[in-house]
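Enquirer: Give the three-dimensional model of this entry:
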Amino acid sequence: MATTTSRSVLSLAATLLTGTVALYMALVAFGNITDFGTNQQFVQHVLAMDTTFKDDDLMWRAVTSKGLQDAAYVAIIVWETVAALVLVYGTWLWARGDRAGARRFSTYGLLMVMLLFGAGFIAIGGEWFAMWQSGDWNGLDAATRAFLFSGVVLIVNHLPTGDGAPAAGSGR
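Expert: As a prediction, this is how the structure comes out:
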């Protein structure tokens with residue numbers, strides 16, 4: 001009985017937490033699609049590095065082509081949308097009780113979110129484009145929150161349930 005209860009509670013936690021990240025990503029993508037210009041400006045300023053310290057040793061990294069800036073922004077929106085859809089599917093699989101499939105798809109979606117916010121915003125935006133130097137266009141705090149929350153949810157998704165369900169990618 002205790003094992004069944006623990007399994008149920010962990011599955012419920014994984015379902016709700018994965019669903020929360022799915023909702024977050026869906027709202028982020030929806031906001032970027034319906035209010036395209038607001039975060040488009042954010043991406044443009046970060047890539048152009050126009051609010052950084054203007055250090056000549058860094059400014060060669062700036063991307064000032066509007067076409068490239070817009071392409072990067074559209075790619076971000078597409079990535080957010082796909083991640084949201086994958087996480088919605090993972091949530092649905094958790095709710096259905098398909099733990100193996102749920103872990104697999106939740107892992108894919110959560111890693112997509114972590115890559116976007118970790119590699120995309122924290123590493124590339126924050127360091128390569130020196131976003132940390134900008135007082136106006138600095139999204140590092142928000143990116144860190146999303147990265148860490150997704151990481152916690154990924155850990156919860158992989159807690160052992162004792163039900164024999166394989167971990168994602170185990171091939172069983």
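
Enquirer: In the chain, which helix is the longest?
Expert: helix 2-34 (DSSP state H).

Enquirer: other SSEs contacting whatever helix or strand comes next after it?
Expert: Sequence-wise, the next helix or strand downstream of helix 2-34 (DSSP states H and E) is helix 36-48. Using 3 or more CB pairs under 8 Å, 6 or more residues apart in numbering; DSSP states H and E as the contact test, the elements touching helix 36-48 are helix 2-34, helix 66-96. No exception for glycine: its C-beta is placed from N, CA and C like everyone else's.

Enquirer: Give the next helix or strand downstream of the shortest one.
Expert: It refers to helix 66-96. Counting by DSSP H and E, the element after helix 66-96 in chain order, helix or strand, is helix 99-114.

Enquirer: If you compare the directions of that following helix and helix 2-34, what angle comes out?
Expert: 40 degrees (axes from the mean of the first three to the mean of the last three CA atoms, to 10 degrees).

Enquirer: Tell me how far helix 99-114 lies from the chain's centre.
Expert: 11 Å (CA atoms, centre = their mean, to the nearest Å).

Enquirer: Same question for stretch 41-60.
Expert: In terms of CA atoms, centre = their mean, the centre of stretch 41-60 is found 23 Å from the chain centre.

Enquirer: need the contact list for Gly101.
Expert: By CB atoms under 8 Å, 6 or more residues apart in numbering, the contact set of Gly101 is Leu93.

Enquirer: hang on, Ile33 packs against Ile77?
Expert: Yes: under the criterion of CB atoms under 8 Å, Ile33 makes contact with Ile77 at 6.2 Å.

Enquirer: more neighbours, these two?
Expert: A direct count of neighbours by other CB atoms under 10 Å for Ile33 and Ile77 places Ile77 higher, at 20 against 12.

Enquirer: any idea how far the closest residue in space to that one that isn't next to it in sequence is from Asp55?
Expert: Once flanking residues are discounted, Ile77 sits nearest to Asn32: 4.8 Å by CB to CB, 6 or more residues apart in numbering. Distance, Asn32 to Asp55, using CB to CB, to the nearest Å: 30 Å.
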